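K.L.:
Sequence and computational prediction follow.
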Amino acid sequence: MLAGAGSALAAAPAAPKGNPPPELAAETLTEAALAGAGKDRIYVGDVAISHIVDGRLRVYAAKDGKLLGMINTGFAGNFALSANAGEVYIATTYLSRGGRGERADVLEAWDADTLGFKYEVLLPPRRAQTLNYRGLVRPSGDGKFVMVQNATPATSVSVVDLAGRKVTTEIATPGCWGIWPAASGARFHMLCGDGKVATVTLDAAGQVADRQVSAQLFDADKDAWFHNAEQQGDRAWFMSFKGVLTELDLSGPVAVKKGSVDLVADAKLQKAGWRPGGYQPFAIDAAAKYAVVAMHDQGAEGSHKRPAKQLWVVDLASGKSLASAPGRGAVSLVFAKGSQRLQALDGAAGGLDVWRLDEAGKRPRLVHAHKIKSAGEATVQLEVAD
């Protein structure tokens, strides 16, 4: 056999004669702004459950659904944008051997225009490793700090000084979860299991200057609130599992309830079991006149993550219906900050719809029907830059 193999090799044709091809030029890595991309970008977090050590953050152009780029987010990484959308902050975990080994939790800063890595800050190894939710990593209103949610399962918050690139403190927050910053200064608010909102105010050094707790704002046993919130400045809206939308004022050292509307107060709607559902189950338009809510019928205890059967457009002042549209499986909604462009993420297929509404919220129009057919494998969080 060896002799035969040798004979076959000997019989192989000789290499053709002539000059060898010129040597290829060495490649040089460069950095440039995202090609042809304005600020109308959509950020989609993908926890990639089937290979969770290798999560992704994908960036799309809202106008045509073009994939602009991608950032690796490690093991169950969570993300947030800076106030001017110039930086992307990712709190994540890496293991030295991929699926095992020494754990390192970090906060990473990435340039939003080039998707280039800028720097990282080592975190205490207690970062909450969860699906992509808002409120788990958030910059402060003054842009000096980034707060990161921890869970061991005991809850705490790590405070990162961006200028000093260091953790200034870790704040124990027993029974409270999620980070909702005030619009200015370095203050943040958290939902607590007893139906109250805890407020922490930081000083210039990133240390706790004040802690207070609100009055009871909801009953978690009777009608819990979704963890997700919609914020515009110091106005924040929270939705309950049964469809009560509540506005809070976050400007002071204590969160204050401003008002609420019941989206399913009508007896017929209650009998049909209409409820909100999803991960970002509602969005507020830029003028804070109306909300678009992902709704499903035959709702019950445990249906609060069910995809939308309908999208309801409701007046924020009265809670009355303005319009409705097919739900198309939406589980996450977000409006552009300066227009009536609405993004909706399909919870089953991962497709991304783009809608436009008029200023009165009465004519929802589907612009791109799943122009992005699949934005990832396990996508639940949406953010926009514009």
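P.N.:
Arrived safely.
K.L.:
partners of the longest strand along the chain in the sheet?
P.N.:
Secondary structure of the chain per DSSP state E: the longest strand is strand 67-81. Paired neighbours of strand 67-81 in the sheet (DSSP bridges): strand 55-61 (antiparallel), strand 87-95 (antiparallel).
K.L.:
what residues does the longest one touch?
P.N.:
This means strand 87-95. Residues from elsewhere that reach strand 87-95 (CB atoms under 8 Å, 6 or more residues apart in numbering): 43, 53, 55, 57, 71, 73-82, 101-112, 115, 118, 123, 125, 127, 129, 136-137, 139, 146, 148. In short, each C-beta sits where N, CA and C put it, glycine included.
K.L.:
if we go to 6 Å?
P.N.:
Strand 87-95 is contacted by residues 73-75, 77-80, 101, 103-105, 107-110, 112, 127, 137, 146, 148 when judged by CB atoms under 6 Å, 6 or more residues apart in numbering.
K.L.:
Compute the number of surrounding residues for Cys160.
P.N.:
Rather than Cys, residue 160 is Val. 26 (other CB atoms under 10 Å).
K.L.:
Just list whatever residues bridge to it.
P.N.:
Val146, Val167.
K.L.:
Next one: it, what pLDDT does it get?
P.N.:
Val160 carries a pLDDT score of 98 in this model.
K.L.:
I figured it hits Met147, correct?
P.N.:
No. Taking CB atoms under 6 Å as the definition, Val160 is not a contact partner of Met147, at 7.5 Å.
K.L.:
All the strands of the stretch 1-150 of the chain, residue numbers only.
P.N.:
With strands called from DSSP state E, counting those that start in this stretch, the stretch 1-150 of the chain shows them at 41-46, 55-61, 67-81, 87-95, 103-111, 117-123, 137-139, 145-151.
K.L.:
want to throw these into TSV with mean pLDDT and distance to Ala323?
P.N.:
Shown next, in TSV, are the strands of the stretch 1-150 of the chain (pLDDT from 0 to 100; distance: least, CB to CB, whole Å):
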stretch	mean pLDDT	distance to Ala323
strand 41-46	95	23
strand 55-61	95	26
strand 67-81	96	29
strand 87-95	97	34
strand 103-111	97	38
strand 117-123	98	43
strand 137-139	98	32
strand 145-151	98	36
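K.L.:
So which of those is nearest Gly259?
P.N.:
Proximity to Gly259 (CB to CB) singles out strand 137-139 among those, at 24.5 Å.
K.L.:
For that closest one, give me every contacting residue.
P.N.:
Residues from elsewhere that reach strand 137-139 (CB under 6 Å, 6+ apart): Asn78, Ala80, Ser82, Tyr89, Ala91, Val146, Met147, Val148, Ile179, Pro181.
K.L.:
try 8 Å this time
P.N.:
For strand 137-139, contacts defined as CB under 8 Å, 6+ apart pick out 78-80, 82-83, 89-91, 107, 145-149, 162, 179-181, 188.
K.L.:
Please pick the buried ones from these.
P.N.:
Using 16 or more other CB atoms under 10 Å as the burial test, these include 78-80, 89-91, 107, 145-149, 162, 179-181, 188 as buried.
K.L.:
what are the ranges of the helices in the stretch 201-350 of the chain?
P.N.:
With DSSP state H, counting those that start in this stretch, the ranges of helices along the stretch 201-350 of the chain come out as 220-223, 267-272.
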